[in-house]
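Undergrad: Sequence below, structure please.
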Amino acid sequence: MSSDQREAQQETTTTTTTTVDGSGTTAMRATTFSSQRLRINPNNEHRPESYEDLKLDFPSAVYSSLEKYLPQQILASDREEKVKFMTDIMLRHLPHGERSRAHRHSVYRQKIITNYQPLHKELYTLSPVDCFVPSFMKAINESSEKSFRSIISEPSPGVFVFDMLLPSFCEMMLAEVENFEKWVGETKFRIMRPNTMNKYGAVLDDFGLDSMLDKLMESYIRPITKVFFSDVGGATLDSHHGFVVEYGKDRDLDLGFHVDDSEVTLNVCLGNQFVGGELFFRGTRCERHVNTTTKSDEIYDYSHVPGQAVLHRGRHRHGARATTSGHRVNMLLWCRSSVFRELKSHQKEFSSWCGECFCEKKEEKGRALDALRKKLVKAVRAPQD
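TA: Below is the predicted model:
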């Protein structure tokens, strides 16, 4: 059976609804609900529709990006049917409890955007020449693995480091975050923190920087992740969670060992004077192996440099050591792929990126070879008739 045939397979449930109109005529209608999966191989010849005019649960660009992965039957449907199908898939992969919070969060974000006055409005539209160092821009413009490797180092497997942001951009971002926090203090507005582990910091998307961060991910991060993180959906990143974290006196001190809710994480130090705060990495793991032992070649510590970016898989286990003096601020972008999350839900092993799955597969292959070797030796030694 071909991959297209497998993708076309579906389970269907048909229900019949009976209605009686005013004249006493009975009508029966059958409705078929499909549980089709996304295509494994995208239809790259398909031109996606625009969804910008619709009121949606997710950014319109996400729907356009996901459309080429729709099974043929859904792809041929009208726009409303496609929206329903894609929304259902994306809702399945929201973190626990997020569905019930989605509407409240939308109202909350609108209150901030309506009342908060930005300090640096130029930040809200990404201007490459005012944001990125020349070497990064040159590599992005050439957009090849060779150009990326010319500016990127890989000090440990799966951890990529490169100079990215101009000092002037970092200063503006720091000033904008400080201005936002000042507004929060003056208005006594209760804000949501970036995640469950950080008590300080702010979600950049919540005060209007979501479009800028979308552009950052789509035009400047995805070309890189397409090359280096294709095994975790690096080519299909379609949504993000952008935020800043703060460490130091009267802020968070450190960050415990964890994995991110992302396929790929971008972490850039914005600066300020500080001592400590090193990131420590301990190998990439799937959900089943997240608490397994770290191997010696998976141990790596990274010291932050203002303007320098670190790019790694979200499932790469890591943490942050204590910032012992000064004040450190980092900007993070958790980049996500709806396509990868849907396909991952139908897989059982991830040896292409999970260190433990890789070892298990290698050991299994070794056992199979040993069994074959013993079988061949036994056949050779057997007496001939």
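
Undergrad: how about the helices in this structure?
TA: Here the chain has its helices, by DSSP state H, at 3-8, 60-66, 72-75, 79-92, 98-115, 128-131, 134-142, 145-149, 167-187, 210-215, 222-228, 338-344, 355-381.

Undergrad: now those in JSON lines, with mean neighbour count and distance to Glu263?
TA: C-beta coordinates here come from the backbone N, C-alpha and C atoms, glycine included. Shown next, in JSON lines, are those (neighbours: other C-beta atoms under 10 Å; distance: least, C-beta to C-beta, whole Å):
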{"stretch": "helix 3-8", "mean neighbour count": "12", "distance to Glu263": "22"}
{"stretch": "helix 60-66", "mean neighbour count": "21", "distance to Glu263": "13"}
{"stretch": "helix 72-75", "mean neighbour count": "15", "distance to Glu263": "23"}
{"stretch": "helix 79-92", "mean neighbour count": "16", "distance to Glu263": "14"}
{"stretch": "helix 98-115", "mean neighbour count": "12", "distance to Glu263": "17"}
{"stretch": "helix 128-131", "mean neighbour count": "14", "distance to Glu263": "23"}
{"stretch": "helix 134-142", "mean neighbour count": "15", "distance to Glu263": "20"}
{"stretch": "helix 145-149", "mean neighbour count": "15", "distance to Glu263": "18"}
{"stretch": "helix 167-187", "mean neighbour count": "16", "distance to Glu263": "24"}
{"stretch": "helix 210-215", "mean neighbour count": "18", "distance to Glu263": "15"}
{"stretch": "helix 222-228", "mean neighbour count": "20", "distance to Glu263": "8"}
{"stretch": "helix 338-344", "mean neighbour count": "20", "distance to Glu263": "6"}
{"stretch": "helix 355-381", "mean neighbour count": "12", "distance to Glu263": "16"}
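
Undergrad: and Gln273, which of those helices is closest to it?
TA: Across the helices of the chain, Gln273 has its closest neighbour in helix 167-187 (11.9 Å, C-beta to C-beta).

Undergrad: Counting by contacts, list what that closest one packs against.
TA: The contact analysis (3 or more C-beta pairs under 8 Å, 6 or more residues apart in numbering; DSSP states H and E) places helix 167-187 against helix 128-131, strand 202-203, strand 264-271, strand 323-336.

Undergrad: hmm, who's touching that helix?
TA: 115-120, 122-123, 130-132, 189, 191, 202, 207, 244, 270-272, 306-307, 329, 331 (C-beta atoms under 8 Å, 6 or more residues apart in numbering).

Undergrad: ok, now how distant is Thr125 from Glu298?
TA: Taking C-beta to C-beta, to the nearest Å as the measure, Thr125 falls 40 Å from Glu298.

Undergrad: neighbour count winner among those two?
TA: With neighbours defined as other C-beta atoms under 10 Å, Thr125 and Glu298 compare such that Glu298 has more, 18 against 10.

Undergrad: Tell me which residues of stretch 150-169 come out buried.
TA: By neighbour count on 16 or more other C-beta atoms under 10 Å, the buried set for stretch 150-169 is 151-152, 156, 158-166, 169.

Undergrad: Now do Tyr124 against Leu209, distance only.
TA: According to C-beta to C-beta, Tyr124 stands 6 Å off from Leu209.

Undergrad: Looking at those two, which one has more neighbours?
TA: Using other C-beta under 10 Å as the criterion, Tyr124 and Leu209 rank with Leu209 on top: 24 against 14.

Undergrad: thinking again about what came up before, could I get the helices of the chain in JSON lines, plus columns for distance to Asp250?
TA: Below are those laid out as JSON lines (distance: least, C-beta to C-beta, whole Å):
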{"stretch": "helix 3-8", "distance to Asp250": "54"}
{"stretch": "helix 60-66", "distance to Asp250": "38"}
{"stretch": "helix 72-75", "distance to Asp250": "52"}
{"stretch": "helix 79-92", "distance to Asp250": "38"}
{"stretch": "helix 98-115", "distance to Asp250": "23"}
{"stretch": "helix 128-131", "distance to Asp250": "29"}
{"stretch": "helix 134-142", "distance to Asp250": "33"}
{"stretch": "helix 145-149", "distance to Asp250": "39"}
{"stretch": "helix 167-187", "distance to Asp250": "12"}
{"stretch": "helix 210-215", "distance to Asp250": "27"}
{"stretch": "helix 222-228", "distance to Asp250": "35"}
{"stretch": "helix 338-344", "distance to Asp250": "37"}
{"stretch": "helix 355-381", "distance to Asp250": "38"}
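
Undergrad: could you measure the residue nearest to Leu119 when sequence neighbours are not counted against Leu332, distance?
TA: Using C-beta to C-beta, 6 or more residues apart in numbering and skipping residues adjacent in sequence, the residue nearest Leu119 is Asn179, 4.0 Å away. Shown here: Asn179 relative to Leu332, a distance of 20 Å by C-beta to C-beta.
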